[in-house]
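Undergrad: Turn this into a model:
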Amino acid sequence: MTFPTFSIIFAGVLLNSAAQLMLKAGAKSLGTVAFGSGASLFAAGWNAATQPWILVGLCCYFVSAGLWVLALTRVDVTLAYPMLSMGYVIAALLAWQLFGEALTGPRVLGIAIILVGVVVLARS
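TA: Numbering: from 1, shown residues only. This next block holds a predicted model:
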């Protein structure tokens with residue numbers, strides 16, 4: 001895989017991870033959404049649709065999808081798709097820093113395994 005192609009994939013992965021974190025920030029501001037009447041679900045949907053973090057997160061998803069399509073014009077999906085697993089690593093580390101989410105031993109081990117897999121694939 002060439003460096004420009006890897007850069008496109010990595011930029012898409014970064015945007016996808018950023019989108020996850022922005023959606024989480026937006027969800028935290030919404031609080032717990034209860035499944036009640038149709039009116040309460042509509043109100044929760046409206047609150048989510050007008051929440052800035054959620055809107056920016058969805059925009060990041062849209063741009064990352066465009067980068068993904070561009071990447072797929074350059075490499076096989078069997079090579080590109082596993083690269084998306086880098087998003088788990090990035091999101092886990094940033095969620096730990098930004099939201100105080102737990103980064104336990106088994107999670108760190110899983111992250112290390114993912115990184116080894118990505119390196120092996122990138123060099124193939």
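
Undergrad: Can you find the helix or strand in the protein with the smallest mean pLDDT?
TA: Ranking every helix and strand in the chain by mean pLDDT, DSSP states H and E puts helix 38-49 at the bottom, with a mean of 78.

Undergrad: what's the offset of it from the middle of its chain?
TA: 24 Å (C-alpha atoms, centre = their mean, to the nearest Å).

Undergrad: which strands and helices sit next to it?
TA: Other helices and strands packing on helix 38-49, by 3 or more C-beta pairs under 8 Å, 6 or more residues apart in numbering; DSSP states H and E, are helix 3-30. In this view, the C-beta of every residue, glycine as well, is placed from N, C-alpha and C.

Undergrad: In contact with the most centrally placed residue in the chain, which residues?
TA: Among the residues of the chain, the one closest to the centroid is Ser17, at 2.8 Å (C-alpha atoms, centre = their mean). Applying C-beta atoms under 8 Å, 6 or more residues apart in numbering to Ser17 gives the contacts Gly87, Ile90, Ala91, Leu94.

Undergrad: ok, and the closest non-adjacent residue to the last one?
TA: The one in question is Leu94. Leu21 (5.6 Å; C-beta to C-beta, 6 or more residues apart in numbering).

Undergrad: again, but for the third one
TA: When the adjacent residues along the chain are set aside, Ala91 lies closest to Ser17, with 4.6 Å between them (C-beta to C-beta, 6+ apart).

Undergrad: Same question for Leu67.
TA: The nearest residue in space to Leu67 (C-beta to C-beta, 6+ apart) is Gly12, at 3.6 Å.

Undergrad: buried sites along stretch 82-102?
TA: Met83, Leu84, Ser85, Met86, Gly87, Tyr88, Val89, Ile90, Ala91, Ala92, Leu94, Ala95 (16 or more other C-beta atoms under 10 Å).

Undergrad: hang on, the earlier thing: which of the contacts of Ser17 sits closest to Thr5?
TA: For the contacts of Ser17, the minimum distance to Thr5 (C-beta to C-beta) is 17.0 Å, reached by Gly87.

Undergrad: mind checking how far the closest one is from Trp68?
TA: 11 Å (C-beta to C-beta, to the nearest Å).

Undergrad: roughly how far apart are the residue nearest to Leu94 and Gly100?
TA: 13 Å.
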